[in-house]
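Participant: build me a model:
(one chain, ligands or ions: 1)
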Amino acid sequence: MSLQRNRLDRFLSARLGISRRAVKPLLAAGRVRVDEQTARDCELPVTAFSTIVLDEDVLQQRRPRYFMLHKPAGLLSATRDPLQPTVLSLFSAGDGKGLHLAGRLDKHSTGLLLLSDDSRWTRTSSTPGAGVEKSYLVGVRDPITPEYVQAFAAGMYFPFEDIHTQPAGLEILEPRLARLTLREGRYHQIKRMFGRFRNPVLSLHRERIGALSLDPELAPGHYRALTDEEVQKAVQCAAVGACPEPSATGAGA
Ligand code: URA
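Facilitator: Okay, the predicted model is just below:
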């Protein structure tokens, strides 16, 4: 899914209150620039995120772009990679330009990823120390016992980093499926935590980051722009270290 697009001539005609025929000479004379490039094509697609200038008049100022993506399995959470396809390959050229990731998922994990070209926002909303709750559905090979719930709530020592993980909430949904809520994101943390029980993770799907849940309308590989309210929620959540709507099963802090 892409952003709502308009043709440049339609945009100019509506914005300037002139006919599309009258727009043509403006374009032909090179008086219109879109995202700092001279635009001569009537059909050039523009969105709310395009900067459009006529001579020295800014007709529309480009807004920062914020997206949620339903990451499918098999793509890297990176903006570029010399060998493997990244999640940016799912974006149209215009939408994907200049995006950064707010947090990552492993190549075979699926679910909610946030991206923006506003690097302050991506940094703030994904700061590891901010304590934002993230919730995952985790499918594993062997049955999950109540012992796991205690071990996850108590936290685990990771000798490689010399850290103790923060309390994590584990809700057993089915013998081999659980909802896990974390307030941090150490390297391969979930796989390593289940690894303590020699129970390999077979599927990992992020449902929620703070107050933002993956839109159930988004099929794997699809994305949509965040609403203004969602953009604010993501940052507020990081700023206060908690979320407006904490889950009942969330990690106790
Ligand atoms: N922990 C993992 O092990 N993998 C992920 O993708 C996210 C958290």
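Participant: which elements pack onto the stretch of helix or strand Thr122 belongs to?
Facilitator: Here Thr122, judged by DSSP states H and E, is contained in helix 119-126. For helix 119-126, the packing partners by 3 or more C-beta pairs under 8 Å, 6 or more residues apart in numbering; DSSP states H and E come out as strand 100-102, strand 110-116, helix 228-240. Yep, even glycine has a C-beta here, placed from its N, CA and C like the rest.
Participant: okay, these in CSV with mean neighbour count and mean pLDDT next?
Facilitator: Listed next are those as CSV, based on neighbours: other C-beta atoms under 10 Å; pLDDT from 0 to 100:
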stretch, mean neighbour count, mean pLDDT
strand 100-102, 20, 93
strand 110-116, 23, 96
helix 228-240, 17, 76
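Participant: out of the ones you listed, flag the one nearest Val140.
Facilitator: If you check each of the helices and strands packed on helix 119-126 against Val140 by C-beta to C-beta, strand 110-116 wins as the nearest, at 15.3 Å.
Participant: tell me which other helices or strands the closest one touches.
Facilitator: By 3+ C-beta pairs under 8 Å, 6+ apart, strand 110-116 packs against strand 66-71, strand 100-102, helix 119-126, strand 201-209, strand 212-213.
Participant: ranking those by mean pLDDT, which is last?
Facilitator: Ranked by mean pLDDT, the helices and strands packed on strand 110-116 end with helix 119-126 at the bottom, a mean of 83.
Participant: flag every residue of this structure that's near the ligand.
Facilitator: For the chain, the residues in contact with the ligand (C-beta under 6 Å from any ligand atom) are Leu105, Asp106, Ser109, His188, Gln189, Ile190, Lys191, Leu204.
Participant: redo those residues as CSV? Include secondary structure, neighbour count and distance to Arg63.
Facilitator: Shown next, in CSV, are the residues of the chain next to the ligand (DSSP: H, G, I helix; E, B strand; the rest coil; neighbours: other C-beta atoms under 10 Å; distance: C-beta to C-beta, whole Å):
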residue, secondary structure, neighbour count, distance to Arg63
Leu105, coil, 23, 26
Asp106, coil, 16, 31
Ser109, coil, 22, 30
His188, coil, 13, 35
Gln189, helix, 17, 34
Ile190, helix, 22, 35
Lys191, helix, 17, 38
Leu204, strand, 22, 33
